[in-house]
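Trainee: Sequence first, predicted model second:
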Protein chains: 2
Amino acid sequence: MTTSTADLDLLAERAAQAAPVLAASSAAERAAWLRAVADVLDANLAELVAIADEETALGEPRLRGEVGRTSGQLRLFADVVLEGSYLEAIVDDADPAATPPRPELRRLLVPLGPVAVYSASNFPFAFSVLGGDTASALAAGNPVIVKAHSGHPRLSARTAELAIGALAAAGAPEGSLALVEGRAAGEALVQHPRIRAAGFTGSLSGGRALFDLAAGRPDPIPFYGELGSVNPVVITPAAAAARGEQLAGGLVGSFTLGAGQFCTKPGVVFVPAAAEGFVGTVTAGAADATGGRLLTERITEAFPAGVERLAADPAVRVLATGSGETAPTVLETDAAAVAQRPDDLLEEVFGPTTLLVRYTDEAQLLAALDAVPGSLTATLHSEPGDDVAAVLARLSDRAGRVLFAGWPTGVAVTWSQHHGGPWPSTTSGHTSVGATAIRRFLRPLAFQDAPQHLLPAALRDEALTGIPHRRNGRLVG
Amino acid sequence: MTTSTADLDLLAERAAQAAPVLAASSAAERAAWLRAVADVLDANLAELVAIADEETALGEPRLRGEVGRTSGQLRLFADVVLEGSYLEAIVDDADPAATPPRPELRRLLVPLGPVAVYSASNFPFAFSVLGGDTASALAAGNPVIVKAHSGHPRLSARTAELAIGALAAAGAPEGSLALVEGRAAGEALVQHPRIRAAGFTGSLSGGRALFDLAAGRPDPIPFYGELGSVNPVVITPAAAAARGEQLAGGLVGSFTLGAGQFCTKPGVVFVPAAAEGFVGTVTAGAADATGGRLLTERITEAFPAGVERLAADPAVRVLATGSGETAPTVLETDAAAVAQRPDDLLEEVFGPTTLLVRYTDEAQLLAALDAVPGSLTATLHSEPGDDVAAVLARLSDRAGRVLFAGWPTGVAVTWSQHHGGPWPSTTSGHTSVGATAIRRFLRPLAFQDAPQHLLPAALRDEALTGIPHRRNGRLVG
């Protein structure tokens, strides 16, 4: 199924018609709409998970958990909208005695208009039709047109059908949500005059192509893309010595989770040259591991090709190859080679593989870290006695979230969560997960000397008492 | 004077060296640096204004006021940094009982790294070397490299010299601020690997070219540009009848202020077809007005060319031509023509001219407003009995600041101020003036399960008590 140009035009016009209605809706209305969508997702969990498992092979337990995360995310954004801080309301009262006299100014954030959302292959719920981009764009008061991912078309269509029905039943305007299918429609969508912003999760090549289309428009629009990430991990000599076995088990669990198809999979692990125990346990664990089916045909073809390309590099050794449809693989190289040829050695390979990078001393480690591309996450496993200042400075510079325990796969959706990092992991200085993701789909609007009745409802004196805001420079809770 | 590639590389390397030092500086340190720069500007006001007047012909009173605005802006950002809300600190405590167990997460905003700032011609202080882009980028903790405007090279050099000296004396790291000159250096700057973001105020053509260079990089960077604005004004029949003379006087004052070279100059004024009194007074006022020298040779050549191109349009009439080096000019057309051919009739003409657009009824007015390009401001002059809902919806959609009294020229720098609007007035959903302009030069960074001593100072428990933040979903003032 593909969406024709005429159909896309129709959907975009409907979204444009819905935009002012959504923009004028109250926080309570939008919160109710988001919760209605969350409820319909939960109510149809069994049916949706069954379709999703047929299309993605991610397995029922993982997919059930993902539905819970997705409906929870929609409900979090309902809370965010009701709480009201996201409006960033600021009032400066008039000061006629100032030189020059100061007018009254009231500012808030307003929705941008119709938003294009590009679904991801690897999270058929949490980063797809009703994922974080859709939830935050709707919460902000924007209509959304989702480009379905070709890896789960039936799930996309059914999810959209349920959500569109729930939105209509809850009173949201027609055109609040729509679905388009096919690559051509996806390319036309980001260039459509009615579309005011885009959210994307996917590959570097696909994301870059859409980014270029968004930036090349006569009227460029913001493109919030998450494009790929190697998620470096550093293990200090002391940590390897103190808890090498435990870390090795954690790493194998993390890089094979979901068949290695998480955006936050630890793809590059910096390991002391002398940490034979850790490396041996990782090797044994990976050799024992079994890999299942990958998400799509394209990914299934790209995985062995990526592993073979790396394995053919003279600086790389294959340490372990597991079993199953997609064999988990551990590769090894050294930090000097990474520092010299990062483009050859640090390209993301989507699937169950990780690259151990052996370093002999801190200077070598730091030089290699300087070559790591921008990532969603970076993980540091150290011991209390370690001096990690220099390593931490580099990890903070290269990533959006720095972990000091555990592994980067698994992203709690909370107020503080951040999913994003320097290019190419994301295209912008914003997050795609967590409460503040809503900021991407809003713009500031100020009103000067407005009569109260002509202000947006949220900026009137009686409404302001109910939301956190700033007045004359002071925060008012 | 132009900056060579080798010199640019050297300055960029120095900025990159300064970046981690600035990022690690305390709020108190950065506030002191900003105030030191503000002080040196004020202390050298007489010398700087004299140079500026020679180079721009804007006149001493205006330039003195602009220095005050500029030093005030630097001090506002010192306040913003000390207040701490701009960090958007958010903490979610660990919840080991949750399923899955929730880690501790702490998030704040961190500086992006070296920022390129492109000076504007029309505000040699407030949007130039030490203007709002520089103030907000430095406040955020980023080194700044300013591209001097060719319209005021001596002022740029002297301002930079004074500021660099003041920063050094106050203890800021070398490389915190630098100046480059020449078009080639400007183009190389936005593409330089060390530069992480850019701020720009200038023409649509120049801004678009730099935007395209920023977006076309192997690693695209955010380009915060302000590119041009026609700033529509709507006068209702009731307002024209009630206070036509007063409004006419205000309009003439506003569109000729600073020789019509404000970004917020009212360039298109929607006037009732029957408002002969208003139009007559504007015409008479403009015919009596005298225009001085324009900022640069290029602007001096472009102004009459732009006026003549418009005047040659069959739908346009010249109502008044004043006297002086640059004759203030009032043109007139009708709303039906604007709705049909907005590209011909609504192109910004930089300088002392405005276009009166006569409308016969609301339907015609609304159709014409739909064709108005995105603008920094929109102004609505109405009377209490008017039903302005439909007009206001369109103005809010097309602009970043909506005024209900006065005129858009003159921008108070306050917490709530907003300077920005839909394309082409700006490239982004952010403001370039006011406290929140700092957000453009920051990105989120989260720390998961970090030991207290490894957190950035601002995120440690003892520091958090001093800054507004959110903890477990609740704002803590």
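Mentor: Done, it's in. Residues are numbered from 1 along each chain as shown, chains lettered A, B, ... in the order given.
Trainee: CA only for contacts and neighbour counts going forward, please
Mentor: Will do.
Trainee: show me what contacts the residue in the stretch 1-150 of chain A that chain B sits nearest to?
Mentor: Using CA to the nearest CA, the closest approach of the stretch 1-150 of chain A to chain B is made by residue A:90 at 5.2 Å. Residue A:90 sits next to A:106-108, A:469-471, B:415-416 when contact means CA atoms under 8 Å, 6 or more residues apart in numbering or on different chains.
Trainee: Report pLDDT for it.
Mentor: With respect to pLDDT, residue A:90 scores 97.
Trainee: quick one: it from residue B:340, how far?
Mentor: 38 Å (CA to CA, to the nearest Å).
Trainee: can you check residue A:101 too?
Mentor: Separation of residue A:101 from residue B:340 (CA to CA) stands at 40 Å.
Trainee: Same question for residue A:155.
Mentor: 45 Å.
Trainee: what do you get for residue A:260?
Mentor: According to CA to CA, residue A:260 and residue B:340 sit 55 Å apart.
Trainee: quick one, which of those two is more surrounded?
Mentor: Neighbour count, other CA atoms under 10 Å in any protein chain shown: between residue A:260 and residue B:340, residue A:260 has more, with 27 against 13.
Trainee: Pretty sure the more buried one sits against residue A:349.
Mentor: No: Residue A:260 is not in contact with residue A:349 according to CA atoms under 8 Å; the separation is 9.1 Å.
Trainee: Excluding covalently adjacent residues, which one is nearest to the residue of the stretch 1-150 of chain A closest to chain B?
Mentor: Distance criterion CA to CA, 6 or more residues apart in numbering or on different chains; nearest residue to residue A:90, sequence neighbours excluded, is residue A:470 at 4.7 Å.
Trainee: Was I right to think residue A:125 contacts residue A:70?
Mentor: Yes: checked against CA under 8 Å, the pair residue A:125 and residue A:70 is within contact range at 6.3 Å.
Trainee: residues shared between the contacts of the two?
Mentor: Listed contacts common to residue A:125 and residue A:70 are residue A:131; contacts here mean CA under 8 Å, 6+ apart.
Trainee: counting contacts, what elements does the helix or strand containing residue A:146 pack onto?
Mentor: Using DSSP states H and E, the element containing residue A:146 is strand A:144-147. Using 3 or more CA pairs under 8 Å, 6 or more residues apart in numbering or on different chains; DSSP states H and E, the elements in contact with strand A:144-147 are helix A:5-24, strand A:115-118, helix A:132-140, strand A:177-180.
Trainee: How is residue A:129 assigned, secondary-structure-wise?
Mentor: Put simply, residue A:129 is coil when judged by DSSP: H, G, I helix; E, B strand; the rest coil.
Trainee: Same question for residue A:466.
Mentor: coil.
Trainee: And for it, the neighbour number?
Mentor: Residue A:466: 14 neighbours (other CA under 10 Å).
Trainee: mind giving me the domain split of chain A?
Mentor: Here the domain assignment for chain A is A:5-227+A:426-476, A:232-403, based on automatic domain parsing.
Trainee: how long is the longest one from one end to the other?
Mentor: As for domain A:5-227+A:426-476, its first-to-last residue distance stands at 49 Å under the measure CA to CA.
Trainee: One more: stretch A:453-461?
Mentor: Using CA to CA, the end-to-end distance of stretch A:453-461 comes to 10 Å.
Trainee: so who does residue A:89 touch?
Mentor: A:106-109, A:459, A:468-470.
Trainee: Adding pLDDT and neighbour count, write the residues you listed out as a markdown table.
Mentor: Conversion of these to a markdown table gives the following (pLDDT from 0 to 100; neighbours: other CA atoms under 10 Å in any protein chain shown):
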| residue | pLDDT | neighbour count |
| --- | --- | --- |
| A:106 | 98 | 28 |
| A:107 | 97 | 26 |
| A:108 | 98 | 23 |
| A:109 | 98 | 20 |
| A:459 | 96 | 23 |
| A:468 | 95 | 19 |
| A:469 | 96 | 23 |
| A:470 | 96 | 20 |
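Trainee: Using CSV, please lay out those together with secondary structure.
Mentor: Putting the contacts of residue A:89 into CSV (three-state DSSP) gives the following:
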residue, secondary structure
A:106, strand
A:107, strand
A:108, strand
A:109, strand
A:459, helix
A:468, coil
A:469, strand
A:470, strand
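Trainee: wait, residue A:115 sits on residue A:135?
Mentor: No: using CA under 8 Å, residue A:115 makes no contact with residue A:135, being 11.2 Å away.
Trainee: quick one: residue A:305 is in a strand?
Mentor: No: counting by three-state DSSP, residue A:305 is not found in a strand; it is helix.
Trainee: Now for it: which residues touch it?
Mentor: Not one residue lies near residue A:305 by CA under 8 Å, 6+ apart.
Trainee: Give me every residue in the stretch 51-200 of chain A that's in contact range of chain B.
Mentor: By CA under 8 Å from any CA of the partner chain, the residues of the stretch 51-200 of chain A that approach chain B are A:90-92, A:102, A:105-107.
Trainee: Look up how far residue A:9 lies from residue A:149.
Mentor: Taking CA to CA as the measure, residue A:149 falls 20 Å from residue A:9.
Trainee: What of residue A:169?
Mentor: 25 Å.
Trainee: Settle it for me: which of these two has more neighbours?
Mentor: residue A:9 (17 against 12).
Trainee: so how far is residue A:410 from the more buried one?
Mentor: Per CA to CA, residue A:9 is found 38 Å from residue A:410.
Trainee: Residue A:392 too?
Mentor: For residue A:392, the distance to residue A:410 - CA to CA - is 21 Å.
Trainee: higher neighbour count, the two?
Mentor: residue A:392 (19 against 14).
Trainee: if I pick that one, what's in contact with it?
Mentor: So residue A:392 contacts residue A:380 (CA under 8 Å, 6+ apart).
Trainee: As CSV, the helices and strands packed on strand A:144-147 with mean pLDDT would be great.
Mentor: Listed next are the helices and strands packed on strand A:144-147 as CSV, based on pLDDT from 0 to 100:
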stretch, mean pLDDT
helix A:5-24, 97
strand A:115-118, 98
helix A:132-140, 98
strand A:177-180, 98
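Trainee: what sits against residue A:60?
Mentor: Contacts for residue A:60 (CA under 8 Å, 6+ apart) come out as A:49-50, A:53.
Trainee: Ranking by neighbours, what's the top pick from these?
Mentor: So for those (other CA under 10 Å), the most neighbours sit at residue A:49, 24 neighbours.
Trainee: excluding its backbone neighbours, what's nearest it?
Mentor: Per CA to CA, 6+ apart, closest to residue A:49 is residue A:63, 6.0 Å.
Trainee: From residue A:405, how far off is the one you found?
Mentor: With CA to CA as the criterion, residue A:63 and residue A:405 are 25 Å apart.
Trainee: Settle it for me: which of those two has more neighbours?
Mentor: Taking other CA under 10 Å, residue A:63 and residue A:405 do not tie; residue A:63 has more neighbours (23 against 16).
Trainee: List the neighbouring strands of the strand holding residue A:146 plus their orientation.
Mentor: strand A:115-118 (parallel), strand A:177-180 (parallel) (DSSP bridges).
Trainee: Which stretch among those approaches residue B:192 most closely?
Mentor: Smallest distance to residue B:192 across these (CA to CA): 30.6 Å, for strand A:115-118.
Trainee: Would you mind listing the outside residues contacting the closest one?
Mentor: So strand A:115-118 is in contact with A:128-129, A:133-134, A:137, A:142-149, A:186, A:189-190, A:195-201, A:441, going by CA under 8 Å, 6+ apart.
Trainee: Kindly report the same for stretch A:270-282.
Mentor: By CA under 8 Å, 6+ apart, stretch A:270-282 touches A:232-237, A:240-241, A:244-245, A:247-249, A:251-252, A:330, A:335, A:356-361, A:365.
Trainee: Those in helices, which ones?
Mentor: A:237, A:240-241, A:244-245, A:247-249, A:251-252, A:335, A:365 (DSSP state H).
Trainee: who touches the residue nearest to residue A:49 in this structure?
Mentor: By CA under 8 Å, 6+ apart, the residues touching residue A:63 are A:49, A:52-53.
Trainee: Helix, strand, or coil at residue A:48?
Mentor: helix.
Trainee: which SSE is the closest residue to it other than its chain neighbours in?
Mentor: Distances taken as CA to CA, 6+ apart put residue A:155 closest to residue A:48, at 6.6 Å, once the chain neighbours are dropped. Secondary structure from DSSP H and E places residue A:155 in helix A:153-169.
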